[in-house]
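Peer 1: okay, structure incoming, though there's no sequence with it:
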């Protein structure tokens with residue numbers, strides 16, 4: 001940068017020689033009278049070349065850029081040669097250090113601007129010149145150094161920006177950077193069927209617009225984390241999720257939804273023997289079979305050509321009083337609960353209808369918080385909790401449903417309370433059962449740590465699971481409800497619509513069960529007669545108790 005500056009004020013000149021003659025008389029040899037000095041406007045401006053680093057801020061900014069770039073090179077080399085993945089190393093290398101270099105560049109540019117403004121205030125002209133002097137060896141050496149360093153910094157910053165992009169899209173960044181905030185989601189993700197699917201593939205998906213939107217929303221979440229103002233529990237982003245057609249269906253192809261799946265579940269009663277009850281059923285997955293042309297089963301909801309819309313009366317979409325079905329032939333049927341209120345008016349042109357998709361049933365595909373009954377049944381079936389421990393299922397349910405302030409407190413009290421129970425109720429057997437009590441304590445603590453997060457107020461009660469109708473209403477939100485069409489037709493609630501029971505009975509050995517491939521009528525593990533036909537499962541198996 002160079003500035004055009006006015007010349008210095010002209011000297012007053014040397015005084016004339018002393019005058020000869022009497023005072024008051026003109027000198028015999030008077031000094032010549034100097035001419036008027038030229039005005040600044042008539043003077044030829046001089047050009048003063050100033051270094052861009054003349055201002056202290058420019059030196060600071062340049063130093064930060066150089067130091068940051070060198071440090072960035074070192075960190076990139078360390079990251080590329082180190083084994084394994086370290087979230088904090090990636091954040092420092094590809095997010096923090098490029099930000100430092102960028103900050104130095106901003107300071108440098110501000111210093112240049114300050115120099116320009118100061119020169120203008122002094123009435124000086126400012127001119128930026130970019131001259132190439134190939135005949136000047138010193139200039140050419142400086143030019144090549146500048147171009148080389150600039151190219152290197154550009155490549156390093158570009159590479160680090162790309163790696164920073166990758167780091168922010170990684171599972172480790174999503175789940176581990178904010179340990180306490182996202183711990184429930186991170187832990188349940190690791191045990192989910194989608195543990196090999198990146199978080200961003202479902203929460204963001206492909207496309208620039210959703211990526212930018214997610215990063216902008218992420219800034220808000222970072223501020224909430226820093227200010228400790230984030231909600232507890234973290235709400236499920238049902239309004240912001242992309243349509244399932246753009247995420248789920250990139251792997252799960254609707255045209256290939258067909259067939260039936262054999263599922264065997266083992267349950268245990270809350271009696272002294274922890275008596276088992278096994279049920280095997282064919283789940284009628286169905287869908288659109290392109291080979292046979294059949295359209296049936298649970299995935300009938302997702303058939304191409306059909307459309308299901310609904311209105312919910314609550315934010316979690318657990319109360320659905322209005323459903324509209326559009327079939328292949330264009331016929332439309334509306335089912336509504338005549339006694340319901342508090343939901344949007346379907347006749348209002350501004351009402352937004354929810355189009356039914358995968359997430360309306362599979363709402364917890366990767367972050368499933370198991371109810372105590374389900375989790376303990378799994379541990380009993382695996383043998384990590386022994387059925388030889390009297391009433392262990394009942395006691396375990398009570399321990400898991402107890403309110404604790406932290407996972408550490410839960411671990412301590414679960415272990416001490418379980419041992420105290422058997423010492424008090426079965427003092428003559430406690431030594432015999434001690435190892436099994438210890439193993440059961442370990443299993444219950446593991447269940448709690450994987451599904452209950454008291455500091456975030458998160459468990460199966462805060463994040464409901466719509467897949468099934470055990471503990472949460474799930475299917476019963478629409479099926480077997482009071483919604484009717486104008487012709488009096490109801491949405492079916494028959495058990496065999498979605499599954500066929502092929503075996504059931506009080507044993508863990510399926511060969512000992514009553515079986516019939518054509519289907520059996522459901523038999524409740526506890527004899528309650530025909531009451532199971534008159535009430536819903538969730539009337540007894542409540543979300544509050546988890547069993």
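Peer 2: Structure received. Computed from a predicted structure; not experimentally measured.

Peer 1: residues near the closest residue in space to residue 237 that isn't next to it in sequence, how many?
Peer 2: Counting by Cβ to Cβ, 6 or more residues apart in numbering, residue 237 lies nearest to residue 203, which is 7.6 Å off, once chain neighbours are set aside. For glycine as for every other residue, the C-beta is placed from the backbone atoms N, C-alpha and C. Per other Cβ atoms under 10 Å, the neighbour tally for residue 203 reads 17.

Peer 1: from residue 246, how far off is residue 203?
Peer 2: Distance, residue 203 to residue 246, using Cβ to Cβ, to the nearest Å: 12 Å.

Peer 1: can you map out the strands along the chain?
Peer 2: Along the chain, counting by DSSP state E, strands occupy 2-5, 46-49, 125-127, 261-268, 276-283, 287-288, 295-296, 307-311, 322-326, 332-336, 354-355, 499-505, 514-515.

Peer 1: looking at the ones you listed, which is buried most?
Peer 2: Most buried of the strands of the chain by mean neighbour count (mean count of other Cβ atoms under 10 Å) is strand 287-288; its value is a mean of 23.

Peer 1: pLDDT (mean, whole number) over that strand?
Peer 2: Here strand 287-288 scores 66 as its mean pLDDT.

Peer 1: tell me the confidence at residue 175?
Peer 2: Note on residue 175: pLDDT of 66.

Peer 1: one step back: out of the strands of the chain, nearest to residue 542?
Peer 2: strand 261-268 (16.4 Å; Cβ to Cβ).

Peer 1: give me phi/psi at the residue nearest to residue 316 when sequence neighbours are not counted?
Peer 2: What sits nearest to residue 316 in space, not counting adjacent residues and going by Cβ to Cβ, 6+ apart, is residue 464, at 6.4 Å. Backbone torsions for residue 464, taken as degrees, to the nearest 10, come to phi -70, psi 150.

Peer 1: still on that earlier bit, surely the residue nearest to residue 237 and residue 236 touch.
Peer 2: No: between residue 203 and residue 236 there is no contact under Cβ atoms under 8 Å: 11.1 Å.

Peer 1: what comes up buried for stretch 107-126?
Peer 2: Counting neighbours by 16 or more other Cβ atoms under 10 Å, one finds that the buried residues in stretch 107-126 are 107, 108, 111, 112, 115, 119, 124.

Peer 1: again with stretch 60-80
Peer 2: For stretch 60-80, by 16+ other Cβ under 10 Å, it's 61, 62, 64, 65, 68, 69, 71, 72, 75, 76, 79.

Peer 1: give me the subset of those residues that lies in helices.
Peer 2: 61, 62, 64, 65, 68, 69, 71, 72, 75, 76, 79 (DSSP state H).

Peer 1: a markdown table for these, including distance to residue 222 and pLDDT?
Peer 2: Shown next, in a markdown table, are those (distance: Cβ to Cβ, whole Å; pLDDT from 0 to 100):
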| residue | distance to residue 222 | pLDDT |
| --- | --- | --- |
| 61 | 26 | 77 |
| 62 | 30 | 75 |
| 64 | 24 | 79 |
| 65 | 25 | 80 |
| 68 | 22 | 78 |
| 69 | 26 | 80 |
| 71 | 24 | 77 |
| 72 | 22 | 78 |
| 75 | 22 | 75 |
| 76 | 24 | 76 |
| 79 | 23 | 69 |
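
Peer 1: turn those into a markdown table, including distance to residue 407.
Peer 2: Output for those, formatted as a markdown table (distance: Cβ to Cβ, whole Å):
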| residue | distance to residue 407 |
| --- | --- |
| 61 | 48 |
| 62 | 50 |
| 64 | 43 |
| 65 | 46 |
| 68 | 40 |
| 69 | 44 |
| 71 | 38 |
| 72 | 39 |
| 75 | 35 |
| 76 | 38 |
| 79 | 33 |
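
Peer 1: between those, which is closest to residue 266?
Peer 2: residue 79 (47.4 Å).

Peer 1: quick check: the residue nearest to residue 134 when sequence neighbours are not counted vs residue 66, distance?
Peer 2: The shortest distance from residue 134 to any non-neighbouring residue, by Cβ to Cβ, 6+ apart, is to residue 140 (6.3 Å). For residue 140, the distance to residue 66 equals 21 Å [Cβ to Cβ].

Peer 1: residue 147 is in contact with the residue nearest to residue 134, correct?
Peer 2: No: if you go by Cβ under 8 Å, residue 140 and residue 147 don't touch, sitting 10.5 Å apart.

Peer 1: just to revisit the earlier point, quick one, what contacts the residue nearest to residue 316?
Peer 2: Shown in contact with residue 464 (Cβ atoms under 8 Å, 6 or more residues apart in numbering): 316, 318, 363, 472, 543.

Peer 1: farthest-separated two in these?
Peer 2: Maximum distance among those (Cβ to Cβ): 14.4 Å, for 363 and 543.

Peer 1: who has more neighbours, those two?
Peer 2: Taking other Cβ under 10 Å, residue 363 and residue 543 do not tie; residue 363 has more neighbours (21 against 15).

Peer 1: ok, the residue nearest to the more buried one when sequence neighbours are not counted to residue 432 distance?
Peer 2: With Cβ to Cβ, 6+ apart as the criterion, residue 363 has its nearest non-adjacent residue at 4.8 Å, and that residue is residue 466. Applying Cβ to Cβ, the value for residue 466 to residue 432 is 44 Å.

Peer 1: who has more neighbours, the two?
Peer 2: Higher neighbour count among residue 466 and residue 432: residue 466, with 20 against 12, using other Cβ under 10 Å.

Peer 1: that one against residue 360, yeah?
Peer 2: Yes: between residue 466 and residue 360 there is a contact at 6.8 Å, judged by Cβ under 8 Å.

Peer 1: ok, residue 312 to residue 353 distance?
Peer 2: Plainly put, residue 312 is 10 Å away from residue 353 if you go by Cβ to Cβ.

Peer 1: just the helices in the protein please.
Peer 2: Taking DSSP H, the helices of the chain run over residues 56-81, 87-91, 97-121, 137-168, 171-176, 179-190, 199-203, 208-226, 372-382, 392-401, 407-425, 430-451, 531-534.

Peer 1: looking at those, which is closest to residue 264?
Peer 2: Relative to residue 264, the nearest member of the helices of the chain by Cβ to Cβ is helix 372-382, separated by 9.9 Å.

Peer 1: ok, now how distant is the spatially closest residue to residue 344 that is not a sequence neighbour from residue 312?
Peer 2: Nearest in space to residue 344, with sequence neighbours left out and distances taken as Cβ to Cβ, 6+ apart, is residue 351 at 4.5 Å. Using Cβ to Cβ, residue 351 is found at 12 Å from residue 312.

Peer 1: of those two, who's got more company?
Peer 2: Taking neighbours as other Cβ under 10 Å, residue 351 and residue 312 compare with residue 312 leading, 18 against 12.

Peer 1: if I look at the closest residue to that one other than its chain neighbours, how far off is residue 391?
Peer 2: In space, and not counting its chain neighbours, residue 312 is closest to residue 320: 5.4 Å by Cβ to Cβ, 6+ apart. Separation of residue 320 from residue 391 (Cβ to Cβ) stands at 39 Å.

Peer 1: higher neighbour count, these two?
Peer 2: residue 320 (25 against 17).

Peer 1: looking at it, the more buried one is touching residue 478, isn't it?
Peer 2: Yes: using Cβ under 8 Å, residue 320 is in contact with residue 478, at 5.8 Å.

Peer 1: which neighbours do those two share?
Peer 2: residue 310.

Peer 1: got the domain boundaries for this structure?
Peer 2: Using automatic domain parsing, the domain parsing of the chain gives 49-168, 171-230, 254-365+466-539, 372-456.

Peer 1: in TSV, list those along with distance to residue 242.
Peer 2: TSV is the format used below for those (distance: least, Cβ to Cβ, whole Å):
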stretch	distance to residue 242
domain 49-168	18
domain 171-230	5
domain 254-365+466-539	10
domain 372-456	25
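
Peer 1: identify whichever of those lies nearest to residue 241.
Peer 2: Of all those, domain 254-365+466-539 sits nearest to residue 241, with 6.4 Å by Cβ to Cβ.

Peer 1: distance check, the residue nearest to residue 134 against residue 62.
Peer 2: The gap separating residue 140 from residue 62 is 21 Å, by Cβ to Cβ.
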